[in-house]
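In: here is the input, now give the coordinates:
(one chain, ligands or ions: 1)
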Amino acid sequence: MKTSSPNRLVRPIVRKLRAYIPGEQPRIKGLIKLNTNENPHPPSPRVLAAIKAATDGRLRLYPNPTAQPLREALARFHRCNADNIIVGNGSDDLLALATRAFVEPSGARHLKSVSRRLEFGQSPLDSKCTVQFFEPSYSLYSVLASIHGANLREVRLTEDFDFPDLDVLQKHRAWDSRAALTFVTTPNAPSGRGYSKRQLEAICHRQSGVVVLDEAYVDFAAENAMDLAMRFPNVLVSRTFSKAYSLCFLRVGYFVGNPVLIRAMDKIRDSYNVNGLGQVAALATLEDLDYYRKNFHAIIATRERLAGELEKLGFAVSPSQTNFLLARPRVGTAERWLERLREQKILVRWFNTPKMRDYLRVTIGSDSEIDALIRAVKGIRKTWKRAERDEPKNEIC
Ligand SMILES: *Cc1c(COP(=O)(O)O)cnc(C)c1O
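Out: Numbers count the residues shown, from 1 in each chain. Okay, here's the model as predicted:
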C-alpha cells in the first residue's frame with residue numbers, strides 16, 4: 001500500500017462526521033438504568049413464548065423479506081393497507097432510508113435558525129437538499145443528514161419546547177416550507193412535551209416536502225396523529241416496538257404513509273432489513289395489546305408521581321407525554337446530579353449541549369426503581385443542605 005495514512009482513504013464527509021452518541025449501556029451489577037427510555041416491563045409472556053418457539057433449526061433460513069405477515073397485521077391495527085406500511089430494523093433504519101429516498105445530497109451545509117434572534121441575510125439553502133428539524137429533538141436526525149451530505153436546517157423550539165411561530169420564521173427565511181424532508185419528534189424528545197394534532201396538521205399542511213412525524217413515544221401520550229399519514233400524501237408517521245412494547249433488543253420499527261413514498265423507501269432498503277425473531281415478536285405483540293395497555297397506564301401513573309415528587313424536591317419538571325421526564329435542578333448543576341446519582345448506582349441522561357446542559361432526563365422505571373431514585377435525591381439534597389449550612393460560602397456545583 002502506497003498511501004501513508006489510511007485516514008486519507010476515508011471520504012471527507014465521513015472523516016468530519018460527528019457520530020450519534022447512544023446512551024450508555026454499562027454492565028454494573030444492581031444499576032438502576034434510567035438513561036435510554038427503555039421500558040421497565042418485560043415483553044408479555046406470550047411474546048416471550050413466541051420468540052422461544054421460533055428459536056430452533058429455522059434460524060438457518062432467511063426471514064420473510066418484506067415482513068409480509070407483520071405488515072398485514074399492522075395494516076389491520078391501523079385500518080389501512082399493507083402497502084401503506086414499511087418495517088425497518090428499528091425506526092432508526094427507516095429514518096435513514098427516508099433521508100436517502102427523499103433528499104438530494106449537496107455539499108452539506110448547516111444553518112441554525114434561531115427563533116428569537118432572527119438572522120437576516122442568510123444565504124438560502126437549496127430546499128431539495130434540505131433536512132429540517134427542531135432543536136432540541138431526536139439528535140439522530142442531524143447525523144443522518146450529515147452522513148447523506150444534505151443541508152441541515154435546525155429550527156429552535158420555544159423556551160418551553162413548543163413550536164415557534166412558523167409564519168414569522170418563514171417570512172424571515174428561517175423556516176423552509178419546501179424542505180425535502182422535515183422531521184418532527186412528537187411527543188418531543190428530550191423534553192417530553194406533547195403537541196396537538198391541530199398543531200401537527202398545520203405543519204403538514206404548510207410543507208410541500210415530506211414530513212416524518214416521529215411518534216416513538218406516542219403510546220404514553222394523550223393523542224396521536226396517525227390519521228395525518230392517511231390524509232396527507234406527503235406525511236409519514238414513524239412508530240417503534242422499542243419503547244412502548246419493550247422490544248429494543250430486537251429492533252423493529254415501521255412507517256405508515258402514502259404507498260408511493262413507502263414504495264420509494266422499500267426500493268432502497270436492505271433485502272432482509274428486519275430480522276426473523278423481531279418479526280415473530282412484533283406479530284405476537286399485536287395479539288396481546290391489552291397487556292401493553294396496562295403497562296402504559298402504570299408508566300403514566302408513575303411518571304406523574306415522580307413529577308410531583310421532583311417538584312417538591314426543588315426541580316422544575318417539564319410536563320411529559322412520554323415515558324421520561326425532563327427535570328432542571330434548582331440546586332446544584334445537572335452534571336453534578338448525574339455524578340452523585342451515578343455514585344448511588346442510578347444512571348440518568350445528561351446532554352452536554354448549550355440548550356440541554358441544565359437538565360436531567362429521567363426514564364420512568366418501575367415503581368421500586370423510582371422509589372430508589374426519590375430516596376437518593378432526598379439523600380443528596382440533605383448532604384448539600386448540610387454543606388451549605390456548615391460552610392455558607394461553599395458553592396454547590
Ligand atoms: C428511540 C427513538 C427512536 C428509535 O427507535 P428504534 O425503533 O429503537 O430505532 C426514534 N425516534 C425517537 C424520538 C426515539 O426516541
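
In: least trustworthy helix or strand in this protein by mean pLDDT?
Out: Every helix and strand of the chain was ranked by mean pLDDT, DSSP states H and E. The lowest is strand 110-113, at a mean of 59.

In: residues of this protein that sit close to the ligand?
Out: Within the chain, the residues that sit near the ligand (C-beta under 6 Å from any ligand atom) are 90-92, 138, 185, 189, 214, 216, 240, 242-243, 248, 253. Placement of C-beta: from N, CA and C, glycine included.

In: what pLDDT is listed against the residue nearest to S177 when sequence neighbours are not counted?
Out: Counting by C-beta to C-beta, 6 or more residues apart in numbering, S177 lies nearest to R206, which is 5.0 Å off, once chain neighbours are set aside. For R206, the pLDDT comes out at 98.

In: got phi/psi on R206?
Out: phi -70, psi -30 (degrees, to the nearest 10).

In: ok, now the one 3 residues further on?
Out: Listed backbone geometry of G209 is phi -90, psi -170, with angles given as degrees, to the nearest 10.

In: got it, and E369?
Out: Dihedral angles for E369 - degrees, to the nearest 10 - are phi -60, psi -40.

In: list the buried residues of the following helix or strand past the least confident helix or strand of the chain.
Out: Downstream of strand 110-113, the first helix or strand assigned by DSSP states H and E is strand 130-135. Residues T130, V131, Q132, F133, F134, E135 are the ones in strand 130-135 that count as buried (16 or more other C-beta atoms under 10 Å).

In: which ones are touching the second one?
Out: V131 makes contact with 99, 103, 141-142, 144-145, 148, 150-153, 179-183, according to C-beta atoms under 8 Å, 6 or more residues apart in numbering.

In: include pLDDT when you put the buried residues of strand 130-135 into CSV, please.
Out: CSV is the format used below for the buried residues of strand 130-135 (pLDDT from 0 to 100):
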residue, pLDDT
T130, 96
V131, 97
Q132, 98
F133, 98
F134, 98
E135, 95
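
In: any idea which of those is the one closest to K382?
Out: E135 (36.5 Å; C-beta to C-beta).

In: once you drop chain neighbours, what's closest to that closest one?
Out: E154 (4.3 Å).

In: buried ones in stretch 351-370?
Out: Of the residues in stretch 351-370, those buried (16+ other C-beta under 10 Å) are F351, M356, Y359, L360, R361, V362, T363, I364, G365, E369, I370.

In: quick one: contacts of that stretch?
Out: In contact with stretch 351-370 (C-beta under 8 Å, 6+ apart) are residues 32-38, 40-41, 135-136, 139, 156, 190, 298-299, 302-303, 305-306, 323-329, 333-335, 337-338, 348-350, 373.

In: so what's the residue nearest to E135 scoring on pLDDT?
Out: We have a pLDDT of 96 for E154.

In: can you tell me the element it falls in?
Out: Using DSSP H and E, E154 falls in strand 151-156.

In: alpha carbons of that strand, as PDB, please.
Out: The C-alpha trace of strand 151-156 is given here as PDB (Å, rounded to 0.1, in the frame of the first residue of the first chain):
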ATOM      1  CA  ASN A 151     -28.100  20.600   4.200                       C
ATOM      2  CA  LEU A 152     -29.200  20.800   7.800                       C
ATOM      3  CA  ARG A 153     -31.800  23.300   8.900                       C
ATOM      4  CA  GLU A 154     -32.200  23.300  12.700                       C
ATOM      5  CA  VAL A 155     -35.100  25.400  14.000                       C
ATOM      6  CA  ARG A 156     -35.300  26.200  17.600                       C
END
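
In: what residues are bridge-paired with the residue nearest to E135?
Out: Assessed by DSSP bridges, E154 has beta-bridge partners K112, F133.

In: how close does the residue of the stretch 251-397 of the chain at minimum distance from the ligand sit to F102?
Out: Among the residues of the stretch 251-397 of the chain, G253 lies closest to the ligand, at 3.5 Å counting by C-beta to the nearest ligand atom. Counting by C-beta to C-beta, to the nearest Å, the separation of G253 from F102 is 17 Å.
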